[in-house]
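Fold the following, please.
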Amino acid sequence: MIAVSCLTIAFLLHLTWGLDFVVGPTNLTISLGLNAQMRCQLKGVSRLPTIHWLKDGKELHNADFTSVPLGEDEVLSVIRLREVQQTDMGWYWCMAIVQGVHINSKKAFLTVEGLPYFTIQPQDMYVFKDEPFNLTCAATGRPKPTEILWKIAGVLVEETWNESPSVLTVKGIESQTTFTCEAHNAKGVAVSRTASVYVKVSPDKPTKLRIDDQTSNSVSVSWAVTFNGFSSLHNCTAQVFDPNKLNVSSNTNVSFEVTFPVPPYSYTIRGLSPFTTCGVRLRCSNEVGPSEFSEWTHFRTSEGAPSASPKNVTYSYNGSLLVIQWNELPARDIHGILLGYVVEWSRPEGKKEIPVDTGTQAILHPFDPSEKHSFRVCALTAGGRGPWSAPALPLGQEQESRRQRPRISWAPLIIGILCAVLTLISVLLVVYHIRKKEMQFGAAFAPASAPDGVGQVVQYRAGRSYNRRGAMRIEATFDTLGISDGLKQKLEDIFIHEKQLELGRTLGRGEFGSVKEAYLKMEDGSTQKLAVKMLKTEISAPGDNEEFLREAACMKEFDHPNVIKIIGVSLQSRPHRRLPVPMVLLPFMKHGDLRTYLVLSRLGDQPVEVPFRTLLNFMIDIAKGMEYLSSKNFIHRDLATRNCMMWQRLPTDAGKATGARCQEKNSTQCRICLFL
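Next up is the predicted model:
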C-alpha cells in the first residue's frame, strides 16, 4: 500500500515538474467606467490545461476571458473587464488544474478610482415642531479619504465637513425642510438624494360628512379626512344636537358627544329621540391634537313607537253598547305621526282588536254584561304600537256578577271536607296494605335460633321502591344548558325568565324546529304578543343549543328596518337530567309572510293584481335586508318568500284578499322584514 502511494506521488511530480506561471497579473489602478485587462502565462505543459480566473477566492464563471496556446508548452490566458465599477475592485489571480493538482499564479489588486458612492443616504422623517432629530450620511470610494458636507434647504452647513460616515444633529425645525449631503474625494463630488423632514401638525377638519342611514333612535355617518397632519389618526369625536335632550342650563347647542377609535371612518350614533330633527359634527385627533369641528349636518330620525299608553280610559253602557273613551296622547309621547289607536277587547270566545283611525272613542257591540269582558287601549304610529293601558273591567259587569252570586251555605262545605278526609284515609289504608304485602317477603326470613344459640340473618332488597315526588324539574339557566362562558356573557342582558312567557298555538313547523305564538308579561301588568322560535326537543343537544344561541347572539346586534330584531332569549325547563330547550323571542308579524300574501292575491276568494311598483318595493326591501346582513358578515342560508314577513299597510284590495288590516296611514304598499 505504501509502495503504491509513493508511485502515485512520483507520477504526479513527474507531470507537474517544471510547470509554472511565468507571467502573472499585475496590480492595476483604473478610473470608474473604463475597461481593464489582466493576463497570465503558463509554461511547461504537454497538452492544453484548463485555466480559471478567481476574484477574492471565488471563481469567475461568467467573466470574459480566453486561453490561447503560444507554443508546444506555453498557454496565455487574458481576462477583460468592461466599464469597471466599484464592485469590481479586489484581488485577481489564475489557477490551472493538471491531473487534479492546482497551480496558482501570483495575485494582483485591481483598484477602481472615481466619484464616491453612497452606502447610507438621508431619509424622509416626520418630527414634532422644535424637537431635535438626527440624519445620517455615508459614502465610500477611491481615492480616499471621502468627506461629507451637509446642506439644509440648499444652504451649505460649514461645520459639517467630516470624514464619512457623518451624523447631522438638528436642534429642531418649525416647518417642512429639505436636507442633502455631498461626498467629496480627489475625483470629484457626489450628491445624495434630497430628504424631506415634515413637521407633525393637527389634522384638517373632516369633510364629506354623509348620513348613510337613520332609524328612530340612531344614525350612521361616514366622512373623509383629506390631511392627517403627517401623523396617523387615533380617534374622532362626534357632537350631537338633539333638542329633546338639550341641557337648558348650558349655553351650548350640544346635547352630548361621543369619542370612538378610527379607522374606519364611519360610526353609528345611538340614543337619539325618534322623529326629531337632529344635527351632528365631527373632529378627529392625532398625536399632536384635535382638528377643528366640521360644519353641522342636519337629519331627521324616523318614526318610533309611542312611549306612553292612553290615560283616563273610561266607558259608558246604554243597554246594548259599551262606549270606550280616553284622553288624546300628548305630542311628546307620540314620537311620530299618530295613525290612530287600537282597542283590544277580551271576551270568553277570544280577543278582538278594534282599530280607531280618528278620535278617542270606540264602541263595543254586542255587549253582554253577564259575561266576563275586559279591554285596553294603545296608540299607533308607523314605528309600531305603544304600551297598552291597564286592562279595565266594566263596573256594571262586576256589580251584576256580585248581584247574581248565590249565598254560600256552610253546611255543604263542612260535609264536603269530612268526605274528603275520609276518602284520603281510605286511600292511605289501601296503599299501606298493598305496600305491606310487597314487603312481606322479608318477614318470611326472620332470624331463626340455631342449636348453638347463634341467629341466622337473611338480607334482601325490596323488588319495588317508591318516589312520591315524581320527575323533578330543574330551573332552566345557561349553566344547566352547558354552553360556553363567552356565549353566556353575550346573552345575559337579553335573557327573559320562562315564568314571564305563556306559550300558545304553533304557527309553523320545520325540519329542526318550530315557531309558536306566545305572550310576554310586562312589568306594568300588560302582555305583548310574540313569536317564539325553538328547537325540537328530540334533537336538542349541547352542540345544537350552542349553534342555535350563537345565531341569537348575532341577531342581538342587528338593527335595521328590514331585518326582524330579536327581543330576547329564554329557556324552557324539562324533567330532571334533561337539557332545557332554548327559545328565541321575536316580534309577532300578524300580517303573515310574503308567500301567503302572493298566493292569496292570485288564488284567494277575491283575486287581485298586485301593482308592479308594490312588487318592486318588496324586492328593494329584501335587497336592503340582505345587504345589511352581508355588511354584518352574516349568511341567511334560507332566503325564501315564506321567511319574508309583512308589516305596515297592505294594498287595499290585496288586504281584503288576505284579511289583513292596514297600519300605515296614506300608504299603498307594505314593508318587508326578513325572518332569520
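
Which parts of this structure belong to which domain?
Here the domain parsing of the chain from automatic domain parsing is 18-113, 117-199, 207-300, 314-401, 478-587, 594-674.

Including distance to residue 306, could those domains go into a markdown table?
Placement of C-beta: from N, CA and C, glycine included. Output for the domains of the chain, formatted as a markdown table (distance: least, Cβ to Cβ, whole Å):
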| stretch | distance to residue 306 |
| --- | --- |
| domain 18-113 | 83 |
| domain 117-199 | 55 |
| domain 207-300 | 9 |
| domain 314-401 | 3 |
| domain 478-587 | 13 |
| domain 594-674 | 13 |
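
Where among the ones you listed is average confidence lowest?
Of all these, mean pLDDT reaches its minimum on domain 594-674 (a mean of 74).

mind checking the end-to-end distance for it?
End-to-end distance of domain 594-674 (Cα to Cα, to the nearest Å): 10 Å.

Return the distance of it from the chain's centre.
What separates the centre of domain 594-674 from the centre of its chain is 29 Å, taken as Cα atoms, centre = their mean, to the nearest Å.

Which other helices and strands does the longest helix along the chain contact?
In the chain, assigned by DSSP state H, the helix with the most residues is helix 410-438. Using 3 or more Cβ pairs under 8 Å, 6 or more residues apart in numbering; DSSP states H and E as the contact definition, helix 410-438 packs against no other helix or strand.

Identify the residues contacting the residue nearest to residue 555 when sequence neighbours are not counted.
Excluding the flanking residues, the one nearest residue 555 by Cβ to Cβ, 6 or more residues apart in numbering is residue 566, at 4.3 Å. Under the criterion of Cβ atoms under 8 Å, 6 or more residues apart in numbering, the neighbours of residue 566 are 494, 552, 555, 556, 558, 584, 585, 586.

ok, the first one - contacts?
Residues near residue 494 by Cβ under 8 Å, 6+ apart: 556, 566, 567, 568, 569.

Mind doing that once more with 6 Å?
Taking Cβ atoms under 6 Å, 6 or more residues apart in numbering, we find residue 494 in contact with 556, 568, 569.

Which residue is the nearest non-sequential neighbour of residue 120?
Residue 120 sits nearest to residue 138 (Cβ to Cβ, 6+ apart), 3.9 Å away.

mind checking the SS state of the one you found?
Under the three-state scheme (DSSP: H, G, I helix; E, B strand; the rest coil), residue 138 adopts strand.

Measure how buried it is and give me the count.
Residue 138 has 18 neighbours, counted by other Cβ atoms under 10 Å.

likewise residue 593?
Neighbour count of residue 593, defined by other Cβ under 10 Å: 19.

residues touching it, list them.
By Cβ under 6 Å, 6+ apart, the contact set of residue 593 is 642, 645.

Could you rerun that using 7 Å?
Residues in contact with residue 593 (Cβ atoms under 7 Å, 6 or more residues apart in numbering) are 641, 642, 644, 645, 646.

ok, so of the residues you listed, who is nearest residue 498?
Proximity of the contacts of residue 593 to residue 498 (Cβ to Cβ) peaks at residue 645, which lies at 24.7 Å.

mind checking how far that closest one is from residue 517?
Taking Cβ to Cβ, to the nearest Å as the measure, residue 645 falls 14 Å from residue 517.

So which of these two has more stuff around it?
More crowded of residue 645 and residue 517, by other Cβ under 10 Å: residue 645, with 22 against 15.

Show me the beta-bridge partners of the more buried one.
Going by DSSP bridges, residue 645 is paired in beta bridges with residue 593, residue 673.

Mind jotting down where the strands sit in the stretch 351-500 of the chain?
For the stretch 351-500 of the chain, the strands defined by DSSP state E, counting those that start in this stretch cover 361-364, 374-381, 384-385, 448-449, 455-456.

packing partners for the second one?
Translated: strand 374-381. Contact here means 3 or more Cβ pairs under 7 Å, 6 or more residues apart in numbering; DSSP states H and E; on that basis strand 374-381 packs against strand 340-347.

so what strands line up beside the strand it packs on?
By DSSP bridges, strand 340-347 pairs with strand 350-356 (antiparallel), strand 374-381 (antiparallel).

Tell me which residues are up against the longest one.
To tie it back to what came earlier, the one meant is strand 374-381. Against strand 374-381 from outside (Cβ under 7 Å, 6+ apart): 303, 305-306, 309-310, 313, 324, 326, 329, 334-346, 364, 385-393, 526, 663.
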